[in-house]
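# have a look at this fold, sequence not included:
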């Protein structure tokens, strides 16, 4: 019998014309192309800025046109809302948003899950560019983004493959900061944040200073975070199906991270051009291995530019490029390095916005055309390496067109065509054990297309939306070439070098009403996979070389189906003294392997949330109740996750200090009832070792000048 779940139980142990990048990073090439037209644009922009105010660019990840309705459901976190939700990981920061859960491999490694899809089906972006790390390879690999330095997070739910590729089958998470200022700054400003407490005894601080004049801008930021083993309600861990002594802490779950960045740009009314260099360090424990620590390092160089106000067929041109160096080492208790993962990634993205065109009958056509080039070199060295050295190259062309009709209706259509090459170096000639075979290469040509509509309804303020799409995703390097013991999952994972692309069809229907005081939204979605790439148990036991054995799991393309429902509501009331904001949300997703009839793994259960916030002047009080139903629809080798209900309370106080400095004090009491809660979206390997945190108080202070 096969199952796409994973087993229980951890195991110890004028230059020349630029060409598409091959063995060189695209950044130098991008600079050569960008400087002539952006420098001219900047000079014009500085002149224009003296005569007219500069308007800040509105960034919407799912809509590169910057205005007009698109049927893609989205959520945005920024300002006080983001400050209250900040957690140690990106996944935990977003978990609980409608349709969003987290993989939850302990409190230090948690990746977003959108509508039941995770890993290679969720695209993580850093300021719109690829966030290169190894988090999609394994659940114990943390995302190389520190929420402390993020100023805005945008989440797209549902396929966004047209703009970002097949890796966005489930959705996109884009973290945004101002390391490359995109609008002209004047004078000097800054912000600082301090956080203390929580169930992990967190001590965290961040600070940024930025300024500019005459079109030249600069930015500097830094952050540090340290946390201890997470305190939890009393529970009994389970290892290899055997209950362990009861405890109130998650062993080896502490962490220590640091981040810093510098950036500069020229910016004005008609464009900007800038560079930023950032570094991130994160040392944290692995929950399933009490004596193993992961030592992560990432450095990234980014280029970002845009020229607006052009004459001719295109009104704007935008360019993004990035080079990322990533390394992560798994360090044993005696200090020796067991495995080293390295990744070097490059990206170049060019996007042209078409000039707005008036058509017959009052319709208006807008659109974008784009080119995206990516490359990634990955290696895993050491005794626990279960994938060979690989190289991935991709090139893509994409377009998105919108037609605004008289009466307020908007139609959209788009397409994307890619070429992807995934090559393996095979076994090292000096290797004593043959596992990966000779060097090999696969080529794929995935294509995606989508149609959408947003239609106003006769009822005031209501609109309906519909999206129909087809998405293809090329298999990732580990899905093709993996062959070895994967300690984090307790399995021998084996890829399939003959796999074809993952293919799916998507349908979504939405209904929404929004005004100044309320939001009402509903969405029904269904995705049918002709080929869903899943890890299936083969029933074979593989000798692990240490006198034991591991169950074999093979990546297979299986037919699958997913469907779900999301409901959201927000309402504002005003009294003589208070402003009250109520909110409620419900989400539900179900997935099945159509070949076996089994449920797909790690799906969040039915979830219900309700919140109320009250404001009076500088005072803010709030609470949120979160209920997760029992998840009993699981694969054969998994177990049900019990229901849970958590209550959080918080308060905030806004002050203005001398010199115009703004200060926001916050206090949050999480899990007021000290309830024991488990994460159904986590691997069973770690789920029974890592419940949610205990009742705990967190204090925060955010200062801006």
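It's in. Computed from a predicted structure; not experimentally measured.
# where does the chain dip in pLDDT?
1-60, 62, 66-71, 488-489 (pLDDT under 70).
# the stretch 401-550 of the chain: helices as residue ranges?
477-481 (DSSP state H, counting those that start in this stretch).
# quick one: residue 334 from residue 140, how far?
As judged by C-beta to C-beta, to the nearest Å, residue 334 and residue 140 stand 20 Å apart. Glycine gets a C-beta too; all of them are placed from N, C-alpha and C.
# so which of those two has more stuff around it?
residue 140 (28 against 6; other C-beta atoms under 10 Å).
# please, which helix or strand holds that one?
Assigned by DSSP states H and E, residue 140 falls within no helix or strand.
# that one touches residue 103, doesn't it?
No - counting by C-beta atoms under 8 Å, residue 140 sits too far from residue 103 to count as a contact (9.5 Å).
# which residues are common contacts for the two?
residue 109 (C-beta atoms under 8 Å, 6 or more residues apart in numbering).
# can you give me the helices in the chain?
Along the chain, the stretches classed as helices by DSSP state H are 26-51, 79-85, 90-94, 161-164, 477-481, 684-687.
# now what about the third one, what contacts it?
This points to helix 90-94. By C-beta under 8 Å, 6+ apart, helix 90-94 touches 77, 82, 85-87, 100, 102-104, 107, 110-113, 124, 143, 145, 147, 153, 155, 173, 175.
# can you tell me which of the residues you listed end up in strands?
77, 100, 102, 112, 113, 124, 153, 155, 173, 175 (DSSP state E).
# neighbours around residue 238, how many?
17.
# that one pairs with what?
The bridge-partner assignment for residue 238, based on DSSP bridges, gives residue 243.
# surely it meets residue 688?
Yes - counting by C-beta under 8 Å, residue 688 is a contact partner of residue 238 at 3.9 Å.
# just checking, residue 297 touches residue 283?
No - using C-beta under 8 Å, residue 297 is not in contact with residue 283, being 9.6 Å away.
# could you measure from the nearest residue to residue 560 once chain neighbours are set aside over to residue 95?
Using C-beta to C-beta, 6 or more residues apart in numbering and skipping residues adjacent in sequence, the residue nearest residue 560 is residue 532, 3.7 Å away. Residue 532 is 23 Å from residue 95, where distance means C-beta to C-beta.
# do residue 197 as well
In terms of C-beta to C-beta, residue 197 sits 20 Å off from residue 95.
# distance-wise, check residue 215 relative to residue 197.
For residue 215, the distance to residue 197 - C-beta to C-beta - is 43 Å.
# same deal with residue 561?
In terms of C-beta to C-beta, residue 561 sits 44 Å off from residue 197.
# please apply the same query to residue 163.
Taking C-beta to C-beta, one finds residue 163 at 40 Å from residue 197.
# and what of residue 583?
Counting by C-beta to C-beta, the gap from residue 583 to residue 197 is 25 Å.
# and residue 77, by the same measure?
Note on residue 77: its distance to residue 197, by C-beta to C-beta, is 21 Å.
# residue 411 too?
51 Å.
# can you give me the end-to-end span of stretch 243-259?
When the termini of stretch 243-259 are compared using C-alpha to C-alpha, to the nearest Å, they are 39 Å apart.
# in that stretch, what counts as buried?
The neighbour-count check on stretch 243-259 (16 or more other C-beta atoms under 10 Å) flags 249, 250, 251, 252, 253, 254, 255, 257, 259 as buried.
# and what of stretch 432-444?
By 16+ other C-beta under 10 Å, the buried positions in stretch 432-444 come out as 435, 436, 440, 442, 444.
# so what's the third one up against?
Meaning residue 440. 423, 424, 426, 481, 497.
# between residue 197 and residue 95, which has more neighbouring residues?
residue 95 (23 against 18).
# pretty sure that one sits against residue 111.
No - between residue 95 and residue 111 no contact is recorded; they are 10.3 Å apart, counting by C-beta under 8 Å.
# could you name every residue contacting both of these two?
Joint contacts of residue 95 and residue 111 (C-beta under 8 Å, 6+ apart) are residue 102.
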